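>>> quick one, structure for this:
(chains A and B)
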2 protein chains.
Amino acid sequence: MDVDAVNCMNYEQFLDVFGNIIEKCPIITAAVWSRRPFASFSEVEDKVYDFIESLPISGKEGILRCHPDLAGRELTSGTLTMESQQEQRQAGLTSLTTRERERLTLLNTQYKEKFGFPFVICAKRSDKDKIMEELNSRLQNDPSVEILKGIDEVKKICHLRLQDILRKGTPLPTKL
Amino acid sequence: MDVDAVNCMNYEQFLDVFGNIIEKCPIITAAVWSRRPFASFSEVEDKVYDFIESLPISGKEGILRCHPDLAGRELTSGTLTMESQQEQRQAGLTSLTTRERERLTLLNTQYKEKFGFPFVICAKRSDKDKIMEELNSRLQNDPSVEILKGIDEVKKICHLRLQDILRKGTPLPTKL
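Presented below is the predicted three-dimensional model:
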């Protein structure tokens, strides 16, 4: 897919393709359509990040809260978006031992109680051991640091989802 | 449901109940959770509107673009959110004649081509004849006027969805 094809899309086509590059936040993709024409594919990405940065802290927390827990209730119940499902599977989170799952659930719960949003990490660039280690370590952070950390991870996830669309030329099917 | 019950919710419970008060924009509900405790139920609503007003024009257009067409492809394919489905049914949009459906599709298309977002109206406070009349009339507006009109309708829809939750005490099941 090249940028000319992107610039020719109406907002519905743009949402069909890019609607879930930020998990369950199609409003961000939909807002960025207003910024076309894009000079390059990476300008789409820049505009997404500009929009995120323009949000107040509560809006950034809102983005994090739209993310599922890692190996949480949405993975178990099969209600993850297709993208999350693939990312969590790739990181080995669909094949945890009972002990690993219990440990992750405990850490997730502690994290959410402390920060009021879920632990977000770019699972595709990690694996279950690193995720557990990182969760344990980030749990010690100050809330103001952790919002920034979480949003950095949201951007990494977005980057990889965009790369995936660019490579495949077609979107992953998703439920929004 | 009283406001104390709302103030006791963690963000996941809050999203389960209020996640779709703005169509397909759970990020707004999720952001507003940061504003608790709420003095009253209507303060929840005020904070939602404050968040919407804080968004740049592109963000407001983004909200409108997350809304489905009236009697459009999502109604036909059964992929509307439960709330939209109920609202469109109540306005008589599930029982249009072929001629009415063709006329509405034509007007919707003209509207989207002119404004770059769909025609949004609080269907529950209307019926198919008024909707058609209003669509025809709003098609003549200037884009800057029409964004404000659309966002006003988004707020009316939000108000009725909140009233519904308040009355029933339980959320409508929804797919986000």
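>>> A:L135 - how many residues pack around it?
Look at A:L135: counted by other Cβ atoms under 10 Å in any protein chain shown, it has 18 neighbours. Every C-beta, even on glycine, is put in place using the N, C-alpha and C of the backbone.
>>> now do the contacts for it.
A:70, A:104, A:107-108, A:111, A:119, A:121 (Cβ atoms under 8 Å, 6 or more residues apart in numbering or on different chains).
>>> buried stuff in the helix of greatest length in chain A?
Secondary structure of chain A per DSSP state H: the longest helix is helix A:143-168. Buried residues in helix A:143-168, counted by 16 or more other Cβ atoms under 10 Å in any protein chain shown: A:146-147, A:149-151, A:153-162, A:164-165.
>>> what's the answer for stretch A:10-25, then?
Buried residues in stretch A:10-25 (16+ other Cβ under 10 Å): A:11-12, A:14-25.
>>> next one: that stretch to chain centre, how far?
13 Å (Cα atoms, centre = their mean, to the nearest Å).
>>> so which of the contacts of A:L135 comes closest to chain B?
A:N108 (11.2 Å; Cβ to the nearest Cβ).
>>> now the closest one: closest residue in space that isn't a chain neighbour?
Nearest non-adjacent residue to A:N108, counting by Cβ to Cβ, 6 or more residues apart in numbering or on different chains: A:D69, 5.0 Å away.
>>> let's verify the one you found: helix, strand, or coil?
coil (DSSP: H, G, I helix; E, B strand; the rest coil).
>>> ok, it - contacts?
So A:D69 contacts A:75, A:108, A:112, A:118-119 (Cβ under 8 Å, 6+ apart).
>>> among those, which has the minimum pLDDT value?
Within these, A:L75 has the lowest pLDDT, namely 88.
>>> show me the contacts for A:V48.
A:21-22, A:28-29, A:32, A:158.
>>> relative to chain B, how far out is it?
As judged by Cβ to the nearest Cβ, to the nearest Å, A:V48 and chain B stand 11 Å apart.
>>> phi, psi for that residue please.
phi -60, psi -40 (degrees, to the nearest 10).
>>> get me the contact residues on chain A for chain B.
A:10-12, A:15, A:24-35, A:51, A:54-59, A:61-63, A:65-66, A:112, A:116-117, A:175-176 (Cβ under 8 Å from any Cβ of the partner chain).
>>> which two among the contacts of A:D69 are spaced furthest apart?
Distance extremes for these: the farthest pair is A:L75 and A:K112 at 15.6 Å, using Cβ to Cβ.
>>> which helices and strands does the helix or strand bottoming out on mean pLDDT in chain A pack with?
Every helix and strand of chain A was ranked by mean pLDDT, DSSP states H and E. The lowest is helix A:73-77, at a mean of 88. In this structure, helix A:73-77 makes packing contacts with helix A:82-90, judged by 3 or more Cβ pairs under 8 Å, 6 or more residues apart in numbering or on different chains; DSSP states H and E.
>>> just the angle for the helix it packs on relative to helix A:143-168, thanks.
Here helix A:82-90 runs at an angle of 100 degrees relative to helix A:143-168 (axes from the mean of the first three to the mean of the last three Cα atoms, to 10 degrees).
>>> buried residues in stretch A:78-85?
For stretch A:78-85, using 16+ other Cβ under 10 Å, the buried residues are A:80-81, A:83-85.
>>> among the residues you listed, which pair sits farthest apart?
A:L80 and A:E83 (8.3 Å).
>>> would you list the contacts of A:L135 in CSV and tack on secondary structure and neighbour count?
Listed next are the contacts of A:L135 as CSV, based on DSSP: H, G, I helix; E, B strand; the rest coil; neighbours: other Cβ atoms under 10 Å in any protein chain shown:
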residue, secondary structure, neighbour count
A:L70, coil, 27
A:L104, helix, 21
A:L107, helix, 18
A:N108, helix, 18
A:Y111, helix, 21
A:F119, coil, 25
A:I121, coil, 24
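>>> so which one among those residues has the lowest pLDDT?
A:L70 (92).
>>> for the closest residue to that one other than its chain neighbours, give me the pLDDT.
Leaving aside its sequence neighbours, A:L70 sits nearest to A:L93 (Cβ to Cβ, 6+ apart; 5.7 Å). A:L93 is assigned 92 on the pLDDT scale.
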